[in-house]
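Trainee: from the sequence below, what's the structure:
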Amino acid sequence: RLARMAGFAVPEDSILKAQQFIERCGVASKPDEEGTFAYRETGERGTPSVTGAGLMALFTRGLFTHKFVKPATERLAETYRRAHLDEMNDSTLLRNFHFGCFYASQALYMAGDDYWIPWYKKYAEALKAQQAENGSWQDRRGNAVYPTAVSAMSLQAPLGYMPTYLRGDECQRRRSRRSA
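Mentor: This is a model prediction of the structure:
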């Protein structure tokens, strides 16, 4: 959807293959992991970070009612709802905090305000507590470039500058304005 919005030609066969891969990574059969996406088709446990990315893959395909969307959205929102602010960066479950939050932000925004607003408020509060004096954010390894970039992109979500933060009807309006 986003590549096409930008004017790129993407073969439908390639898009279908990507969708099928994402579907194979969706976890529906293990009760303790239902509603997650794994990094690979086999052998990997589903994580919140990859679940956000999996949801975004479905949403950017326009599959808002896909069978994985509701359970994955619920699971993702509940994971972050349960996380305490002081644990969000250190938890083993949220070990890739900035990566995970970047995709969670987009996925929960696309799922609607009932999911996104509570998540965003908590996330912004967590980021405020973690921000360094120079304005950057760091991951557990001391890297600052990637965490700062994705944190800044996630924080701008209410402004709607990034196409990934455009819900279906907003995409149509922008496409219409460009072609007019």
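
Trainee: and the one helix or strand residue 153 maps to, how far from the chain's centre?
Mentor: Under the criterion of DSSP states H and E, residue 153 resides in helix 145-155. Relative to the chain's own centre, helix 145-155 is displaced by 13 Å; criterion: Cα atoms, centre = their mean, to the nearest Å.

Trainee: what packs against it?
Mentor: Here helix 145-155 touches helix 97-111, helix 113-130, going by 3 or more Cβ pairs under 8 Å, 6 or more residues apart in numbering; DSSP states H and E. Heads up, the C-betas are built off the backbone N, CA and C, glycines and all.

Trainee: buried sites along the shortest one?
Mentor: Meaning helix 97-111. The neighbour-count check on helix 97-111 (16 or more other Cβ atoms under 10 Å) flags 97-111 as buried.

Trainee: quick check, central residue of the chain?
Mentor: residue 103 (2.0 Å; Cα atoms, centre = their mean).

Trainee: please name the residues that touch residue 52.
Mentor: 76, 100, 102-108 (Cβ atoms under 8 Å, 6 or more residues apart in numbering).

Trainee: which single one of those residues is nearest to residue 134?
Mentor: residue 102 (20.6 Å; Cβ to Cβ).

Trainee: count the neighbours of the nearest residue to that closest one once chain neighbours are set aside for me.
Mentor: The spatial neighbour of residue 102 that comes closest, neighbours along the chain excluded (Cβ to Cβ, 6 or more residues apart in numbering), is residue 150 at 4.0 Å. By other Cβ atoms under 10 Å, the residues close to residue 150 number 19.

Trainee: same check, this time on the one 5 residues further on
Mentor: A count of neighbours around residue 155, defined by other Cβ under 10 Å, yields 15.

Trainee: where does the protein have low pLDDT?
Mentor: Within the chain, the segments meeting pLDDT under 70 span 1, 28-33, 43, 84-95, 168-180.

Trainee: returning to what we had before: hey, C-alpha coordinates of the helix holding residue 153 in CSV?
Mentor: Coordinates of each C-alpha in helix 145-155 appear next as CSV, following Å, rounded to 0.1, in the frame of the first residue of the first chain:
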residue,chain,number,x,y,z
VAL,A,145,21.2,6.4,16.7
TYR,A,146,18.5,3.8,16.1
PRO,A,147,16.7,4.2,19.4
THR,A,148,16.6,8.0,19.0
ALA,A,149,15.4,7.8,15.4
VAL,A,150,12.5,5.3,16.0
SER,A,151,11.5,7.1,19.2
ALA,A,152,11.3,10.4,17.4
MET,A,153,9.3,8.8,14.6
SER,A,154,6.9,7.2,17.1
LEU,A,155,6.4,10.4,19.1
